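K.L.:
How does the following fold in three dimensions:
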Amino acid sequence: MRVELEHVFTGHSEPVYSLCLGDKKDIFYSGSGDQFVGSWDIQTKAFNGPLVKANGSIYSLYHDAKNQILYVGQRFGVVILVDLTKKNEPKAIQAHEGDVFAIQEANGKIFTVGGDGFLKVWEKDMQFLHDLKLCNTNIRCIHYSPMLNELQLGLSDHSIQIIDLYSLNPVQSLRLHNNSVFTIESIHDNCIISAGRDAVFHIWKKINKQWVHQEMIQAHLYTVNHISKSPDERYLASAGRDKTIKIWDTKSMKLLKVLNKDKYSESHSHSVNRLLWMSETELISTGDDRKIIYWKIKEE
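P.N.:
Numbers count the residues shown, from 1 in each chain. Alright, predicted model coming up:
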């Protein structure tokens, strides 16, 4: 595997925490501590300008591609709805009492989690439907498994809570991490991988309707902020507070490549917070150094 650093986007003035695909093929969006959502083009290497201004740091983004609605989760519990097809004024909803760390669509509903320990369920227009108190600390991430019809939530109490989407009840609690769980991703059929502040991967497999631990891997030197699977499911990328991005083979979990300043002088100089696959061979990374880096993966 050969990885080339194609371009470094600059424009944010504070750390960047969130990324999502945009409304067109080569467009992506970013959310930052400078309180605006940026729009970027990987073909023209252009900054298309601020998409929306928030009133606090932006920690989560979710783009509903079908309806062209962007959900922006920010500090202090506000979610902003941006209709990308109209010039309407963005709509702000007080969704949580704490910061909004993740937004996910599942079964036609919107799910949000945050610093108040609640999982909340909304209609697409952010009309409130239901909530579930899961802890007295932060819920940091949501992963949706459509085939299993469940959510897996990563919590700051070191647990992963499994939520059945038929009943909206917790059905299992996974406890092997020794610190906050920041990120969860599927790697192949009936398998998920979790990571967080303890810097390790835990791999879990669904066996007889229960998640069973399979393997632990020492992944980074410090916190793993995000893991993300490529669209063709061949690769898993991980982003760490150790300023590195690592690329793994999803079948063997063999480490294939390390992207850092030792090998790429323009790579990240601070914590890498978020990753986004634009295609099977195009990866976006961002972090505390305010850079957004566009990488291309090429087979040797």
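K.L.:
From now on I want contacts and neighbour counts done on CA atoms only, so please keep to that.
P.N.:
Fine.
K.L.:
Quick check: neighbours of the helix or strand of the chain with the lowest mean pLDDT in the sheet, parallel or antiparallel?
P.N.:
Of all the helices and strands that make up the chain, the one with the lowest confidence by mean pLDDT, DSSP states H and E is strand 46-53; it has a mean of 92. Taking DSSP bridges as the criterion, strand 46-53 forms sheet pairs with strand 36-41 (antiparallel).
K.L.:
From the chain's centroid, how far away is the strand it pairs with?
P.N.:
Between the mean C-alpha location of strand 36-41 and the chain-wide mean there is a distance of 16 Å, by CA atoms, centre = their mean, to the nearest Å.
K.L.:
Show me what the least confident helix or strand of the chain is in contact with.
P.N.:
Contacts of strand 46-53 with the rest of the structure, by CA atoms under 8 Å, 6 or more residues apart in numbering, involve 9, 11, 35-41, 82, 90.
K.L.:
Stretch 239-254 now?
P.N.:
Applying CA under 8 Å, 6+ apart, the external contacts of stretch 239-254 come out as 187-188, 220-227, 233-238, 255-260, 268-275.
K.L.:
Strand partners (parallel or antiparallel) of the helix or strand following the least confident helix or strand of the chain?
P.N.:
The element immediately downstream of strand 46-53 (helix or strand, assigned by DSSP states H and E) is strand 58-64. Within its sheet, strand 58-64 is paired with strand 69-74 (antiparallel), according to DSSP bridges.
K.L.:
Quick one: mean pLDDT for the very next helix or strand once past the strand it pairs with?
P.N.:
Heading C-terminal from strand 69-74, the first helix or strand you meet, by DSSP H and E, is strand 78-83. Per-residue pLDDT over strand 78-83 has a mean of 96.
K.L.:
what's the answer for stretch 125-132, then?
P.N.:
pLDDT averaged over stretch 125-132 equals 97, rounded to a whole number.
K.L.:
Mind listing what's buried along that stretch?
P.N.:
When burial is assessed from 16 or more other CA atoms under 10 Å, stretch 125-132 yields the following buried residues: residue 126.
K.L.:
One more: stretch 84-102?
P.N.:
Within stretch 84-102, the residues that count as buried by 16+ other CA under 10 Å are 84, 90, 92-93, 95-96, 98-102.
K.L.:
Would you point out the most distant pair within these?
P.N.:
For the buried residues of stretch 84-102, the farthest-apart pair by CA to CA is 84 and 98; their separation is 26.4 Å.
K.L.:
and the nearest residue to residue 91 once chain neighbours are set aside, how many residues sit next to it?
P.N.:
Closest residue to residue 91 in three dimensions, ignoring its sequence neighbours and counting by CA to CA, 6 or more residues apart in numbering: residue 81, at 5.0 Å. Applying the criterion other CA atoms under 10 Å, we find 22 residues in the vicinity of residue 81.
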